[in-house]
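Visitor: Sharing a sequence plus its predicted fold:
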Amino acid sequence: MIAGLLPQVSRGLHVSTAAAGWLISGYALTVAVGAIAVTAATASLPQKPLLVGLVALFVAGNLLSALAPGYGVMLLGRVVAALCHGSFFGIGSLVARRLVPPERASRAVALMFTGLTVANVLGVPFGALVGERWGWRATFWAITAIGAVALVAIAVLVPAWAGARGGQADLRTQLRAFRSTQVWLTLTATAFGYGGMFGAFSYLAYTFTRVAGFSTTDVAWLLVVYGTGLVVGNIAGGRGADHNRDGTLLVSLAGLAVTLTVFGALASSRPASVILVFLLGVFGFATVPGMITRVTDAAGGVPLAASANVSASNVGNAVGAWAGGLVISAGSGYAAPLFVGAGIVGVGLGVMGVAAWGSVGGGRGTGAGSGAGAGAGGATGGEGRRSAEAVEPQRP
């Protein structure tokens, strides 16, 4: 949400654009570290109460940001809120998988992430409008209130059996899952794919207003267009991944690289910007369901792998936002982050190609759950069975 508020936050806190960008990069880096650290530290806890606690932390961080008297406290609030992010989505994706049959795993993850994509359709432009009308602090007050509602909803609506610890492996067993080459290739592809998209997205408000000539009030509806693309990409990516996971990931990353390149070339055109920001959302988020199910299957279904995938995406986010800010500071213009993003995604596409080739070469399929055969340490069979057991519904 803060991407749409970056100009207002920069002015309000009396800091440079690059410094304001660190409110995004700092959040992303904290997610990257916190996802693994928090998941490891809470490995023995039941997952439903853990999800409730993580949302409570999110509420506290946004409240701190709303009250922040200066840049330092604002950054601290972002860090506190970020601590819960990675673990919430990592653990939440496993809880979602327990609610459905294995062949619908990617669609279940996509459905969970629909909340995130709808938040981009409604929340990001809403936040931009609120920030434009009442100031950026009002946006963080609104996020705090919405977080409190989400906390109550999880406590009331998530079934206790789906959020039980079940047969979760201990920390040492979870760490052994990272011996798998496929796990590391998937995490790397995730980092580069997300990094390229987010490096461009972080500065879209400037691209729209300084390059395409849109007004600051136009940014809100343009972010609605982007968010609509996220919803479409998320749903399509989940369905595609359940049918042909690696194929869906390769097409999505290739489409994202092409979109960023063309967007950079046509950034001064308003009609082209509208179409391309939609496609940016579609291809950018179509990778999410498949990447999560791929890495958790390759790791034997351990929660730490799901959280590591969120960490990888946020490492990419931080590096992408940093690289985008770097080229802007160098005087390359506000369209430059789009070209930088295309190059970063291109590297991710190459890594994903290697991962897909290795998976096929090992005799493994590409549908949902196919990565289970590539369990920790690259073994087949046994780890696949453990992966299935890890996400199988555990109804009483």
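Guide: Arrived safely, thanks for sending.
Visitor: Which of the residues in stretch 59-69 are classified as buried?
Guide: The neighbour-count check on stretch 59-69 (16 or more other Cβ atoms under 10 Å) flags 59-66, 68 as buried. Bear in mind the C-beta positions are built from the backbone N, C-alpha and C, glycine included.
Visitor: Quick check: of these, which lies closest to A105?
Guide: Comparing the buried residues of stretch 59-69 against A105 with Cβ to Cβ places V59 closest, at 29.7 Å.
Visitor: Was I right to think G281 contacts V232?
Guide: Yes - at 7.4 Å, G281 counts as touching V232 under the criterion of Cβ atoms under 8 Å.
Visitor: More neighbours: which of these two?
Guide: G281 (27 against 17; other Cβ atoms under 10 Å).
Visitor: Leaving out sequence neighbours, find the closest residue to the more buried one.
Guide: G229 (2.4 Å; Cβ to Cβ, 6 or more residues apart in numbering).
Visitor: Report the rounded mean pLDDT for whichever strand or helix holds that neighbour.
Guide: G229 belongs to helix 218-265 when elements are defined using DSSP states H and E. Helix 218-265 comes out with an average pLDDT of 92.
Visitor: Could you point out the helix or strand that follows that helix?
Guide: helix 270-285.
Visitor: by how many degrees do that next one and helix 218-265 diverge?
Guide: Per axes from the mean of the first three to the mean of the last three Cα atoms, to 10 degrees, the angle that helix 270-285 makes with helix 218-265 is 90 degrees.
Visitor: could we number from 9 for the rest of this?
Guide: Sounds good: first residue 9 from here, last item helix 278-293.
Visitor: Run through who's touching helix 278-293.
Guide: Outside helix 278-293, the residues that touch it by Cβ atoms under 8 Å, 6 or more residues apart in numbering are 121, 125, 128, 201-202, 205, 208-209, 212, 215-216, 220-222, 230, 233-242, 244-245, 260-261, 263-264, 267-268, 270-271, 274-275.
Visitor: wait, doesn't V353 sit right on G263?
Guide: No - the criterion here is Cβ under 8 Å, and V353 misses it with G263 at 9.6 Å.
Visitor: Neighbour count: these two, which is higher?
Guide: V353 (34 against 20).
Visitor: Helix, strand, or coil at that one?
Guide: Three-state assignment for V353 (DSSP: H, G, I helix; E, B strand; the rest coil): helix.
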